[in-house]
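[1] sequence and predicted model, in that order:
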Amino acid sequence: MGWPLSWEGTLVLALFALAYVLFALREEKKTLVAGVLGGLAIGLSLLGGFIPLSPGGACEIFGYHPIGSPWSVCSINGFVEWDTLGLLVGLFILAAVLSQLDFFRYVAIRLARSSGGRPLPLFLTLSVLSFALSAFINSITVMVVLAALTLELSRELKLDPIPFLLAEISCSNVGGAATFVGDPPNVILATYFHLSFTDFLLYAGPLALGALGVTLTLFALRYRSEFRSEKARSVRQLTAVAPPPALDRKRLPWALGAFALTLGLLAFNASLPPSVGEIGLLGGALGLVVAGRSQAWKVLRAVDWEVLLFFLFLFLLVGGLEATGVIRLIASGIADAGGGNALLTASLLLWVLGLLSSVVDNVPLAAAAAPLILTLHQTQGLPVQSLVYATAVGTDVGGNGTPIGASANVVGLGIARRAGVTISWSRYLKEAFPIMVASLAAANLILLLYH
């Protein structure tokens with residue numbers, strides 16, 4: 001049997017592998033690397049005829065066609081997830097406005113005082129909060145708020161923010177696996193198979209809770225010595241922490257109102273015309289109005305435009321894999337390896353898609369998995385639900401494996417970097433990847449109960 005990929009697909013796969021090596025070796029150049037290699041991947045897809053050289057081809061790459069939105073530019077969605085980029089812009093703006101109004105510092109000092117400055121209770125509180133919020137709110141939103149809050153809290157108590165940030169990122173992705181609305185793959189799979197919110201919560205929720213228990217336990221054990229050594233210092237530091245800042249009673253309610261409106265629209269997005277990205281941009285526009293003309297440029301300068309560019313280029317790089325059939329080939333390989341056994345196939349989906357989600361955006365993975373699951377159901381009689389929930393949990397939890405495995409990772413680490421806190425690829429992989437593997441194992445054990 002010959003090599004199943006075309007030469008273009010093989011080269012795109014090689015470019016993808018090269019990109020990840022360079023991301024790890026030259027972190028400061030990752031946006032440039034993603035831009036160059038993403039452009040080459042799309043170029044090879046065009047050269048091989050996988051994407052037509054026509055206006056239709058441009059739509060296949062850059063198309064904007066959100067469900068229910070009146071602002072569609074093309075009849076299809078392209079490889080670039082414009083909704084993600086629009087949501088990020090809006091949330092970055094709102095977070096910058098709230099930061100300028102000292103909201104995060106105020107909450108951080110209140111939280112520090114209520115915990116007595118003890119690192120472990122703070123760690124558990126923030127991690128569980130990240131999980132709970134991400135089950136109902138987009139993980140990007142959760143990490144924008146929690147990362148800013150954690151950095152302020154760590155600054156006040158002289159704590160190392162890295163343990164808190166790594167756990168929050170991991171718990172955010174695990175929380176996203178628990179419900180219909182928790183993460184984009186869940187929405188794709190649930191709508192494709194017409195599953196209800198309750199169905200998803202009852203079946204995927206226990207898998208996510210199992211992964212959460214392992215994640216929290218292993219992170220707490222990993223950092224127990226650091227928390228113990230920091231405890232006395234942070235408790236002493238609490239006495240030196242200044243009182244909470246006086247809040248701007250005039251502008252802060254409007255800023256919080258804009259943020260609450262954005263969250264409300266996101267929560268009911270399934271039944272409202274605007275897309276997720278359009279809601280984010282609306283929230284950002286309201287944030288700029290609250291900031292006023294004098295502060296608007298300062299707010300815009302606080303937006304991490306480099307993270308947005310990196311996302312754009314990464315979408316193009318993954319789009320090359322999608323266009324040349326690499327992702328479809330992986331999906332069909334899982335079906336062949338499953339051999340018609342429901343538990344084995346569900347476990348393979350959990351592990352293979354989970355590990356792939358550490359390096360590939362989980363949206364195209366879920367999109368490729370949906371028709372595969374339907375085919376397995378129709379041809380081999382395998383139950384849809386167990387395959388769907390294994391896929392959703394695998395793609396969501398697996399994103400914890402690398403610094404760019406999920407949007408929450410890129411956003412959280414990007415906010416930390418702009419504040420002067422850098423988490424290297426080597427440290428992230430050393431500390432988060434093994435815990436991600438253990439979390440998938442816990443979810444797989446719970447999956448056994450369904451068979």
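    Received, thanks. Numbering: from 1, shown residues only.
[2] residues contacting S439?
    Contacts for S439 (C-beta atoms under 8 Å, 6 or more residues apart in numbering) come out as S170, V174, G210, A211, L212, V214, T215, V397, N400. C-beta here means a position set from N, CA and C on the backbone, and glycine is covered the same way.
[3] where are the low-confidence patches of the stretch 1-150 of the chain?
    Across the stretch 1-150 of the chain, the ranges flagged by pLDDT under 70 are 1-2, 67-68.
[4] 80 instead, please
    Residue ranges of the stretch 1-150 of the chain with pLDDT under 80: 1-3, 20, 24, 27-28, 66-71, 84, 104-105, 108-117, 136-139, 141.
[5] ok, which stretches of it are helices?
    7-25, 30-47, 55-62, 82-100, 103-115, 119-134, 139-157 (DSSP state H, counting those that start in this stretch).
[6] by contact count, what packs against the fourth one?
    It stands for helix 82-100. Here helix 82-100 touches helix 139-157, helix 252-267, helix 276-291, helix 293-302, helix 305-323, helix 407-418, going by 3 or more C-beta pairs under 8 Å, 6 or more residues apart in numbering; DSSP states H and E.
[7] for I330, find the nearest of the ones you listed.
    Nearest of the helices and strands packed on helix 82-100 to I330, taken as C-beta to C-beta: helix 305-323 at 9.1 Å.
[8] helix or strand right after the closest one?
    Using DSSP states H and E, the helix or strand that follows helix 305-323 in sequence is helix 326-338.
[9] which is the next helix or strand following that next one?
    That would be, after helix 326-338 and using DSSP H and E, helix 342-356.
[10] now the angle from that next one to helix 326-338?
    Taking axes from the mean of the first three to the mean of the last three C-alpha atoms, to 10 degrees, one finds helix 342-356 and helix 326-338 inclined to each other by 150 degrees.
[11] mind checking how far helix 342-356 is from the chain centre?
    20 Å (C-alpha atoms, centre = their mean, to the nearest Å).
[12] low-confidence bits of the stretch 151-300 of the chain, can you list those?
    In the stretch 151-300 of the chain, residues with pLDDT under 80: 180-185, 187-188, 190-192, 194-199, 230-244, 263, 266-274, 276.
[13] tell me if I'm right that S45 and E8 touch.
    Yes - counting by C-beta atoms under 8 Å, S45 does reach E8; the two are 6.7 Å apart.
[14] so for those two, which sits in the more crowded spot?
    The residue with more neighbours, out of S45 and E8 and counting by other C-beta atoms under 10 Å, is S45; that gives 25 against 21.
[15] contacts only, for the more buried one.
    Residues near S45 by C-beta under 8 Å, 6+ apart: E8, V12, I51, G319, G320, A323, T324.
[16] for L265, see how far away the first one is.
    According to C-beta to C-beta, to the nearest Å, E8 and L265 sit 41 Å apart.
[17] for L5, grab the count of nearby residues.
    Around L5 sit 15 other residues, with neighbours defined as other C-beta under 10 Å.
[18] and what of R113?
    When neighbours are counted by other C-beta under 10 Å, R113 comes out with 14.
[19] gap between it and L153?
    R113 is 11 Å from L153, by C-beta to C-beta.
[20] repeat that for Y64.
    Taken as C-beta to C-beta, the span from Y64 to L153 is 38 Å.
[21] between those two, which has more neighbouring residues?
    Neighbour tally, Y64 and L153, criterion other C-beta under 10 Å: the higher count belongs to L153, 26 against 20.
[22] surely that one touches L111?
    Yes - counting by C-beta under 8 Å, L111 is a contact partner of L153 at 6.2 Å.
[23] which residues are common contacts for those two?
    L122.
[24] make a markdown table from the helices and strands packed on helix 82-100 and add distance to T198 to it.
    Below are these laid out as a markdown table (distance: least, C-beta to C-beta, whole Å):
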| stretch | distance to T198 |
| --- | --- |
| helix 139-157 | 22 |
| helix 252-267 | 17 |
| helix 276-291 | 23 |
| helix 293-302 | 40 |
| helix 305-323 | 32 |
| helix 407-418 | 25 |
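[25] how about these, which one is nearest V73?
    Across the helices and strands packed on helix 82-100, closest to V73 is helix 276-291 (C-beta to C-beta), at 12.2 Å.
[26] buried residues, that closest one. List them.
    Buried residues in helix 276-291, counted by 16 or more other C-beta atoms under 10 Å: 276-284, 286-288, 290-291.
[27] which elements pack onto the longest helix anywhere in the chain?
    Longest helix in the chain by number of residues (criterion: DSSP state H): helix 197-222. Here helix 197-222 touches helix 119-134, helix 161-176, helix 184-192, helix 384-397, helix 425-447, going by 3+ C-beta pairs under 8 Å, 6+ apart.
[28] chain center to the second one: distance?
    Averaged C-alpha coordinates place helix 161-176 at 11 Å from its chain's average position (C-alpha atoms, centre = their mean).
[29] before we move on, what about the longest one?
    Averaging C-alpha coordinates over helix 425-447 and over its chain gives two centres that are 16 Å apart (C-alpha atoms, centre = their mean).
[30] alpha carbons of that helix, in CSV - could you do that?
    What follows is helix 425-447, C-alpha atoms only, in CSV (Å, rounded to 0.1, in the frame of the first residue of the first chain):
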residue,chain,number,x,y,z
TRP,A,425,7.7,26.0,26.1
SER,A,426,9.9,23.6,28.0
ARG,A,427,8.4,24.5,31.3
TYR,A,428,4.9,24.3,30.0
LEU,A,429,5.4,20.9,28.4
LYS,A,430,7.2,19.6,31.5
GLU,A,431,4.5,20.6,33.9
ALA,A,432,1.2,20.6,31.9
PHE,A,433,1.6,17.8,29.4
PRO,A,434,1.8,14.9,31.8
ILE,A,435,-1.2,16.2,33.7
MET,A,436,-3.1,16.5,30.5
VAL,A,437,-2.3,12.8,29.8
ALA,A,438,-3.5,11.8,33.3
SER,A,439,-6.7,13.8,32.8
LEU,A,440,-7.5,11.9,29.6
ALA,A,441,-6.8,8.7,31.4
ALA,A,442,-9.3,9.6,34.1
ALA,A,443,-11.9,10.6,31.5
ASN,A,444,-11.3,7.2,29.8
LEU,A,445,-11.9,5.3,33.0
ILE,A,446,-15.3,7.0,33.5
LEU,A,447,-16.1,6.3,29.8
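[31] pLDDT of that helix, averaged?
    The pLDDT scores in helix 425-447 average 94.
[32] just the angle for that helix relative to helix 30-47, thanks.
    60 degrees.
[33] point out where the stretch 351-451 of the chain drops to low pLDDT.
    Checking the stretch 351-451 of the chain against pLDDT under 80 turns up 360-369, 371-372, 375-376, 378-379, 450-451.
[34] one more time with 90
    Along the stretch 351-451 of the chain, segments meeting pLDDT under 90 span 352-353, 356-389, 404-408, 410-411, 418-419, 447-451.
[35] cool, thanks, talk later.
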